[in-house]
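Colleague: Predicted model, plus sequence, below.
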Amino acid sequence: MKKVLVTGDRGYIGSTLVPALLKKDISVIGLDTNFFTKVLGNPQTVKYKKITKDIRKIEEKDLYGIDAIIHLSALSNDPMGDINPKLTEDINYKGSIRLARLAKKAGVKRFLFSSSCSIYGIGKQKIVDEKSPVNPLTAYAKSKIKTENTLFTLADSDFCVGLLRNSTVYGYSPKFRDDLVVNNFAVHAVAEKNIKVLSDGTPWRPLIDVRDLSDIFEKFLRIEKNKINGKVINIGFNDNNLQVKDVLEVVQKTIRGCIVEYTGEHGIDTRSYKVSFALFEKLFPEIKQKWPLEKSVKDLIRHLGEAKFSKIDLENKKYTRLAVLQKLMDKHKLDKNLYWKKL
Ligand SMILES: NC(=O)c1ccc[n+]([C@@H]2O[C@H](COP(=O)([O-])OP(=O)(O)OC[C@H]3O[C@@H](n4cnc5c(N)ncnc54)[C@H](O)[C@@H]3O)[C@@H](O)[C@H]2O)c1
């Protein structure tokens, strides 16, 4: 792949993925509306072409000369649907489908969609695979399954569509976010030495480090198209299906003296699912996990320490996606549809 457009390049996954692609001599163009500007640690120095634009406003001409798209931009987690479920539908579903249709028209050859294992919701089966019934519990999860289903219909011999159902991501990335389960426990451990858990610790989650996921996206650009075209593929590692209490154990081991309080309530997040990654392993037998939980948590805690992450950072919620968007709206920088206001 010569030229790859990464939407959402300035987000949590994108800010790790882009340098990884550049390292492999892939030419990258980023497209992002730039909602999140706070970097954990030193500012990024990687140089590549960046388009600052809302995905809903993309035009066919933006896509000329692009060989493949890795589509990350989205309102990117479950509680974000709380701002306004229609916005999640507009950006995540309609925005993605419009982008894919324009891409196909513009002659883009490959389209990789960043979906999510959260569409499995509470798994009724012991282990869910790509053929299991889905149970999307939130506007976010609903937008992901609807997008997968429509993208599937666009796949043909000239337009390869890969549907990556990703595990929940963890680990250090320049555009860090603290609203993902592992990262959230890590920031509370560092800032307060106290973690409140809104469950009894038993829910299962499939987890993956952001650097492992970036390598996987890169492999998806290179794999023979027939192997992935029109396919939903769960992305993760079988031994990284972990219970919340396993994650806490690792965090407590790294931050000694950290107290964990189980509140027993489930909060809004009632997900629990164990996922099979057999198809992924079959397609990519050469990919091995490089960042298991313990290694990644240690590394993240080091980064948080170097950045002097404090209780004030926690309270300011500057790494929390929903809070940042809410603040930008309260300050009238974004309108109610999440478009930047003209100054
Ligand atoms: N982080 C995870 O655990 C995880 C798991 C599975 C799937 N995913 C999916 O991967 C993708 C990236 O996730 P992330 O964690 O990097 O999220 P993120 O919120 O850090 O990044 C999303 C990026 O998209 C941009 N964006 C949002 N709306 C936009 C719009 N209308 N136009 C242009 N840009 C827009 C934001 O500015 C941001 O830079 C998302 O689609 C998310 O649903 C994430």
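Modeller: Here it is on my side, so go on. Numbering: from 1, shown residues only.

Colleague: Parallel or antiparallel, list what pairs with the strand or helix carrying residue 260.
Modeller: Element membership for residue 260, per DSSP states H and E: strand 259-262. As defined by DSSP bridges, the strand partners of strand 259-262 come to strand 194-197 (parallel).

Colleague: Mind giving me the packing neighbours of the helix or strand just after the strand it pairs with?
Modeller: Next along the chain after strand 194-197, taking DSSP H and E as the criterion, comes strand 204-209. For strand 204-209, the packing partners by 3 or more C-beta pairs under 8 Å, 6 or more residues apart in numbering; DSSP states H and E come out as strand 168-170, helix 181-192, strand 241-243, helix 244-254, helix 293-306. In this view, the C-beta of every residue, glycine as well, is placed from N, C-alpha and C.

Colleague: Nearest to residue 210, out of those?
Modeller: strand 168-170 (5.1 Å; C-beta to C-beta).

Colleague: Quickly run through the sheet partners of the closest one, with directions.
Modeller: Strand 168-170 is paired, per DSSP bridges, with strand 204-209 (parallel).

Colleague: From the ligand, how far off is residue 200?
Modeller: 22 Å (C-beta to the nearest ligand atom, to the nearest Å).

Colleague: Can you tell me which of the helices and strands packed on strand 204-209 is packed in deepest?
Modeller: strand 168-170 (a mean of 25; mean count of other C-beta atoms under 10 Å).

Colleague: if I look at residue 167, how far off is residue 117?
Modeller: For residue 167, the distance to residue 117 (C-beta to C-beta, to the nearest Å) stands at 5 Å.

Colleague: who has more neighbours, these two?
Modeller: When residue 167 and residue 117 are compared for neighbours, residue 117 comes out ahead with 29 against 24, by other C-beta atoms under 10 Å.

Colleague: Compare the helices and strands packed on strand 204-209 and give me the one nearest the ligand.
Modeller: For these, the distance to the ligand is smallest for strand 168-170, at 3.5 Å, taking C-beta to the nearest ligand atom.

Colleague: List, one by one, the residues from the stretch 51-200 of the chain near the ligand.
Modeller: 54-56, 72-76, 91, 95, 114, 116, 166, 168-169, 175, 177, 180 (C-beta under 6 Å from any ligand atom).

Colleague: if we can go back for a sec, now the helices and strands packed on strand 204-209 as CSV including distance to residue 135 and mean pLDDT?
Modeller: CSV is the format used below for these (distance: least, C-beta to C-beta, whole Å; pLDDT from 0 to 100):
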stretch, distance to residue 135, mean pLDDT
strand 168-170, 16, 97
helix 181-192, 19, 97
strand 241-243, 17, 95
helix 244-254, 19, 94
helix 293-306, 25, 97
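
Colleague: Residues in a beta bridge with residue 340, which ones?
Modeller: residue 334.

Colleague: let's number from 589 now, not from 1
Modeller: Fine by me, first position is 589 from now on; the one you just mentioned is residue 928.

Colleague: so it touches residue 917, yeah?
Modeller: No - the pair residue 928 / residue 917 is not scored as a contact, 11.0 Å apart, by C-beta atoms under 8 Å.

Colleague: Look up how far residue 687 lies from the nearest residue to residue 602 once chain neighbours are set aside.
Modeller: Of all residues beyond its chain neighbours, the one nearest residue 602 is residue 596 (4.8 Å), with distances taken as C-beta to C-beta, 6 or more residues apart in numbering. Separation of residue 596 from residue 687 (C-beta to C-beta): 11 Å.

Colleague: list residues touching both of the two?
Modeller: residue 659 (C-beta atoms under 8 Å, 6 or more residues apart in numbering).

Colleague: secondary structure element for residue 690?
Modeller: Using DSSP H and E, the element containing residue 690 is helix 683-694.

Colleague: then that helix to CSV, C-alphas only?
Modeller: In CSV, the C-alpha atoms belonging to helix 683-694 read as follows (Å, rounded to 0.1, in the frame of the first residue of the first chain):
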residue,chain,number,x,y,z
GLY,A,683,-20.2,9.4,8.4
SER,A,684,-18.6,6.0,7.9
ILE,A,685,-20.9,4.9,5.2
ARG,A,686,-20.6,8.2,3.3
LEU,A,687,-16.8,8.0,3.6
ALA,A,688,-16.8,4.4,2.3
ARG,A,689,-19.1,5.2,-0.7
LEU,A,690,-17.0,8.2,-1.7
ALA,A,691,-13.8,6.1,-1.3
LYS,A,692,-15.2,3.4,-3.5
LYS,A,693,-16.1,6.0,-6.2
ALA,A,694,-12.6,7.6,-5.9
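
Colleague: OK, contacts around residue 771?
Modeller: 758-759, 764-765, 888.

Colleague: on that earlier part again, which parts of the helix holding residue 690 are buried?
Modeller: If you call a residue buried by 16 or more other C-beta atoms under 10 Å, then helix 683-694 has these buried ones: 683-685, 687-688, 690-692, 694.

Colleague: Put together CSV for those residues, with pLDDT on each row.
Modeller: Shown next, in CSV, are the buried residues of helix 683-694 (pLDDT from 0 to 100):
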residue, pLDDT
683, 98
684, 98
685, 98
687, 98
688, 98
690, 98
691, 98
692, 98
694, 98
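
Colleague: closest to residue 714 among those?
Modeller: Among those, and counting by C-beta to C-beta, the member closest to residue 714 is residue 684, at 31.3 Å.
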